[in-house]
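Novice: dropping the sequence and predicted coords here.
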Amino acid sequence: MSTKMVFWSKMPEAWMAEVRELEIEVCEVTDEAEAMQEIVDADAYYGRMSPELLAAAKKVRWIQATSAGLDNYFFPELRAHSAEVTNMRGIYSDVIAEHVFAFLLTLSRGMQIYHRRQLEGRWAPQGVDVVHVAGKTIGVLGLGGIGLAVAKRAAAFGMRVLAVDPAPKGTLDYMEQVYPPQDLEKVLSESDCFVVCVPHTSETDRLIDARALAVMKKTAFFINIGRGKVVDLAALTSALQAGNLAGAALDVFEEEPLAEGHPLWSMENVIVTPHVAAYSDEIEPRRYRMIVENVRRFCAGEQLLNVVDKQVGYVVKKNDSDVFDHSLK
C-alpha cells in the first residue's frame, strides 16, 4: 500500500520532483475543499491545519507546519492527536541572528541618528553616544536555534554572554552561564543588551513586563526578534519615554502592523522593522530541502527533523538525529 502526502502549501516543481522520487503518492491541493477531500486517506500533510481538516483525516501520522513559530497553529484537538508535528526550526537561525546584530551595531554606533541626519542633508557628528560592544554583557532569552546563533556571534564580538532557558543543554564554551527562568531579573539587571528569542507560549506571555524592565540598566539596549506578545509593549514604551533604557530595536509587536502614530515610530533611539528578520534569499531553498529530507525520513521510518512537543508548542528534544543541517542536498 502506497504512502500518501497532501501538500496544501505550494513547493516549486523541482523540489516536488525530488519528493516524487521518494516513491510517495503526492497530492497537491489549492483550497480547503480539496484539502478536506484528499486528507481523508493521507498519511502525511504539509500546510495550514484546522479542526475541520484534522477531523477529516483518518490516517494522518505526520503534519509538517509551514513556520517555526507555532503560537497560532495549535488547537486542542491537534495537541491531543497522535500525529507527530514538525516545524521549520533551524532554517532561520543565522539569518535572524544577523538581524539582531544589525540592530545592536546600529544602536551602539548611533547609526539610526546619523541616518536621520543624512535624510535631512545635515553634517552633524556631535551629540551621538557610541558604545563599544566588546566587553559588554549580552543577555539572551531562549536558547533555541536563534538564541544559540545570537550567543555565538556575541562571543565573536568579545561580549560576555548570559542566557535564560528553562531546559538548558549545558553551558557552551562561549557562554558564561545559562540561568533558569526564575533568574530572569538577574540576567536583565546585568545586561548591556538584552535579546528576546523565545516563542510565545502561556509561560512567556508578557514575560517582559514593567517589573522586568525596571531592573535593567538605563544604559541598556532592548531587542525583540522573538514574538511580540512576550513583551508588554506599553511598558516598554513607557520605559523608553522615561529614559530608563538607552534604546530598543523591535521586529515583532503585540499587534501588527504597529499602529500609525504610535510613539515608537518617532523615537530617535528606537528602530522598528516590519517583522522581516527572517527574510533572506537562503530561506526558501532551506525550507524545501528540509521538507524533502523529512519526507525521506518518514518513508524510511526514521526520526523526523524538528518534532514539536505539542503541549508546549516548540521543539524540546535536540540531538544529532533531529537537528536540521543546512548542508543537506
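Specialist: Arrived safely.
Novice: helix, strand or coil for Ile138?
Specialist: strand (DSSP: H, G, I helix; E, B strand; the rest coil).
Novice: residues touching it, list them.
Specialist: Counting by C-beta atoms under 8 Å, 6 or more residues apart in numbering, Ile138 touches 104, 150-151, 154, 159-162, 191-195. The C-beta positions use only the backbone N, C-alpha and C, and glycine is treated the same way.
Novice: same question, His99
Specialist: Going by C-beta under 8 Å, 6+ apart, His99 touches 225, 251, 273, 276-277.
Novice: coming back round to it: among the contacts of Ile138, which are in strands?
Specialist: Among the contacts of Ile138, the members falling in strands (DSSP state E) are 160-162, 193-195.
Novice: quick one: buried ones out of those residues?
Specialist: 160-162, 193-195 (16 or more other C-beta atoms under 10 Å).
Novice: and of the residues you listed, the nearest to Lys58?
Specialist: Proximity of those to Lys58 (C-beta to C-beta) peaks at Val195, which lies at 44.0 Å.
Novice: look up how far Thr273 lies from the nearest residue to the closest one once chain neighbours are set aside.
Specialist: Distances taken as C-beta to C-beta, 6 or more residues apart in numbering put Ile223 closest to Val195, at 4.6 Å, once the chain neighbours are dropped. Applying C-beta to C-beta, to the nearest Å, the value for Ile223 to Thr273 is 11 Å.
Novice: what residues are shared contacts of these two?
Specialist: Contact criterion C-beta under 8 Å, 6+ apart; residues shared by Ile223 and Thr273: 249-250.
Novice: these two: which is more packed in?
Specialist: Ile223 (26 against 15; other C-beta atoms under 10 Å).
Novice: what helix or strand does that one sit in?
Specialist: Counting by DSSP states H and E, the element that carries Ile223 is strand 221-224.
Novice: name the surrounding residues that touch that strand.
Specialist: By C-beta under 8 Å, 6+ apart, strand 221-224 touches 100, 103-104, 107-108, 192-196, 208, 213, 216, 230-231, 236, 245-252.
Novice: what is the helix or strand following that strand packed up against?
Specialist: Helices and strands here follow DSSP H and E; after strand 221-224, the next one along the chain is helix 233-241. Where contact means 3 or more C-beta pairs under 8 Å, 6 or more residues apart in numbering; DSSP states H and E, helix 233-241 is packed against helix 210-214, strand 247-250.
Novice: before we move on, the earlier item: can you flag the buried ones in the contacts of His99?
Specialist: 225, 251, 277.
Novice: show me what contacts Gly47?
Specialist: Counting by C-beta under 8 Å, 6+ apart, Gly47 touches 6-9, 35, 64, 66.
Novice: among those, which are in strands?
Specialist: Within those, residues falling in strands by DSSP E are 6-7, 64.
Novice: and the helix or strand containing Ala33, what's buried?
Specialist: In this structure, Ala33 sits in helix 32-38 according to DSSP H and E. Residues 35-36, 38 are the ones in helix 32-38 that count as buried (16+ other C-beta under 10 Å).
Novice: cool, and stretch 250-268?
Specialist: 250-254, 258, 264, 267.
Novice: now stretch 126-136
Specialist: By neighbour count on 16+ other C-beta under 10 Å, the buried set for stretch 126-136 is 131, 133, 136.
Novice: that older thread, is it possible to get CSV of the buried ones among the ones in strands among the contacts of Ile138 that adds pLDDT?
Specialist: Formatted as CSV, those follow (pLDDT from 0 to 100):
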residue, pLDDT
Arg160, 98
Val161, 98
Leu162, 97
Cys193, 98
Phe194, 99
Val195, 99
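Novice: including distance to Ala57, could the residues you listed go into a markdown table?
Specialist: Listed next are those as a markdown table, based on distance: C-beta to C-beta, whole Å:
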| residue | distance to Ala57 |
| --- | --- |
| Arg160 | 49 |
| Val161 | 44 |
| Leu162 | 44 |
| Cys193 | 45 |
| Phe194 | 42 |
| Val195 | 39 |
